[in-house]
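Colleague: Have a look at this prediction, sequence included:
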Amino acid sequence: MAEIPNVVEVIDLTGLSDSSESGSEDGREDDEEDGSEHGSDGSEIEITLNEETRSQLQTAIATVSETRLRQLLKILVETDISIEAALTRELVTLKRGTQNVVPRWDCCGNCEEEFDTNTIREDMECVFHPGELKVDKENNGDEDTDGQMDSSNNPQNFRWSCCAGTRVASGCVRGEHRPVVSRKRKRHEE
């Protein structure tokens, strides 16, 4: 974890403008009537950055809804060039060979692992089962009332159709990560 500097920084989260600035009589900007434009409910306060607030921020990031987090990132990118530059370095890359600007991270269609699209693919980086998980008829365990079995509670009662391994067996095929939908196919579908 980064060391906390001795200089204390206070962040004013009130959204209130200085009364000497142009705005309405109550000191707020006319276009920010209640601060709700950016998801605020008017409950902002001054917060001092320190170890405790950083810890709580990490907790908030881990628990806030994905929608709210994405909305906040969009707002920050639109309002702060340094945040835009930092996120661009982390989330966008130039595609090898073509130099086209593309998203840096993708999800593998085989193993569902996130991977960096601009790293050189390796033959053994992706481990997965190409088959389907099926009920093992020789070792069928408890069934639910509708005849369905829960593979998470009874992994020994399920086998992969590709290799006959149990549900928790390591993948039987190794290869390169592949995007869920290739970008070429996606472009043709649009």
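Modeller: Arrived safely.

Colleague: what helices or strands is the helix or strand harbouring Leu87 leaning on?
Modeller: Leu87 is located in helix 81-91, with elements delineated by DSSP states H and E. For helix 81-91, the elements it packs on are helix 66-79, judged by 3 or more C-beta pairs under 8 Å, 6 or more residues apart in numbering; DSSP states H and E. All C-beta atoms are positioned from the backbone trio N, CA, C, and that covers glycine.

Colleague: May I have the helix it packs on exported as CSV, CA atoms only?
Modeller: This file holds the C-alpha atoms of helix 66-79, laid out as CSV (Å, rounded to 0.1, in the frame of the first residue of the first chain):
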residue,chain,number,x,y,z
GLU,A,66,-21.1,-1.5,-11.1
THR,A,67,-23.5,0.9,-12.7
ARG,A,68,-22.7,3.7,-10.2
LEU,A,69,-18.9,3.0,-10.5
ARG,A,70,-19.1,3.2,-14.3
GLN,A,71,-21.1,6.4,-14.1
LEU,A,72,-18.6,8.0,-11.7
LEU,A,73,-15.7,7.0,-13.9
LYS,A,74,-17.4,8.6,-17.0
ILE,A,75,-17.9,11.8,-15.0
LEU,A,76,-14.3,11.8,-13.8
VAL,A,77,-12.9,11.2,-17.3
GLU,A,78,-15.0,14.1,-18.7
THR,A,79,-13.8,16.5,-16.0
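
Colleague: Could you check the angle it makes with helix 81-91?
Modeller: 120 degrees (axes from the mean of the first three to the mean of the last three C-alpha atoms, to 10 degrees).

Colleague: Averaged pLDDT, helix 66-79. What do you get?
Modeller: Average pLDDT, helix 66-79: 95.

Colleague: can you start the count at 31 instead of 1 from here on
Modeller: Will do, 31 is the new start, and the previous item becomes helix 96-109.

Colleague: What residues sit buried inside that helix?
Modeller: Buried residues in helix 96-109, counted by 16 or more other C-beta atoms under 10 Å: none are found.

Colleague: Just the buried residues of the helix holding Leu117, please?
Modeller: Buried-residue list, helix 111-121, by 16+ other C-beta under 10 Å: empty.

Colleague: Give the burial count for Phe145, as a bare number.
Modeller: Residues lying near Phe145 (other C-beta atoms under 10 Å) number 19.

Colleague: quick one: contacts for it?
Modeller: 135-138, 155, 207 (C-beta atoms under 8 Å, 6 or more residues apart in numbering).

Colleague: That's all I had, so thanks and see you.
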